[in-house]
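[1] Just the structure for this:
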Amino acid sequence: MTRDHEEQLLAFSAAQKRQFREEDWLELAAAGPVSSEEVSAAALFLAGGRWYGHDDALFRVADRLSPGSVGHFSRLAKAVEFNCSRFDHMLKTRIAHESRHR
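    Numbers count the residues shown, from 1 in each chain. Reported below is the predicted structural model:
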């Protein structure tokens, strides 16, 4: 995953934390340039962490975008070079800053 794709996923995920819409995740993958597999990896990561919320919907998104990926996050994360700790830290920081400065 490129830093540009990561940044797009971070901005999108932060916005979705406030106003979640399952369909928006599918549209993000369809519109590109972030791939379906990258969106699926982010959805699985957030669903598995439970702090983000929307777990069931995020698992559905991942399954629709990358059938068979639910239960196989490690394989998908490796395939798209998804940096879990970096994404987690950057997203939590972004959400905290945005909520304090609205």
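[2] you'd agree residue 35 is up against residue 81?
    No. Between residue 35 and residue 81 there is no contact under C-beta atoms under 8 Å: 11.4 Å. (C-beta placed from N, C-alpha, C; glycine too.)
[3] quick one: which of these two has more around it?
    residue 35 (15 against 12; other C-beta atoms under 10 Å).
[4] I'd like the distance between that one and residue 10.
    Going from residue 35 to residue 10 by C-beta to C-beta, to the nearest Å gives 16 Å.
[5] same check, this time on residue 50
    Per C-beta to C-beta, residue 50 is found 19 Å from residue 10.
[6] what do you get for residue 58?
    Using C-beta to C-beta, residue 58 is found at 15 Å from residue 10.
[7] Looking only at neighbour counts, state which of the two leads.
    Remark: of residue 58 and residue 10, residue 58 carries more neighbours, 25 against 18, as counted by other C-beta under 10 Å.
[8] next helix or strand past whichever strand or helix holds that one?
    Per DSSP states H and E, residue 58 falls inside helix 55-65. Sequence order places helix 73-80 as the next helix or strand after helix 55-65, per DSSP H and E.
[9] for that next one, packing partners?
    When contacts are defined as 3 or more C-beta pairs under 8 Å, 6 or more residues apart in numbering; DSSP states H and E, helix 73-80 sits against helix 36-49.
[10] One more pass at 10 Å, please.
    Judged by 3 or more C-beta pairs under 10 Å, 6 or more residues apart in numbering; DSSP states H and E, the packing partners of helix 73-80 are helix 36-49, helix 84-100.
[11] quick one, which of those is nearest to residue 73?
    For residue 73, the closest of these is helix 36-49, at 4.6 Å, according to C-beta to C-beta.
[12] Quick one: mean pLDDT over that closest one.
    In this model, helix 36-49 has an average pLDDT of 96.
[13] Stretch 59-74 now?
    Rounded mean pLDDT across stretch 59-74 is 94.
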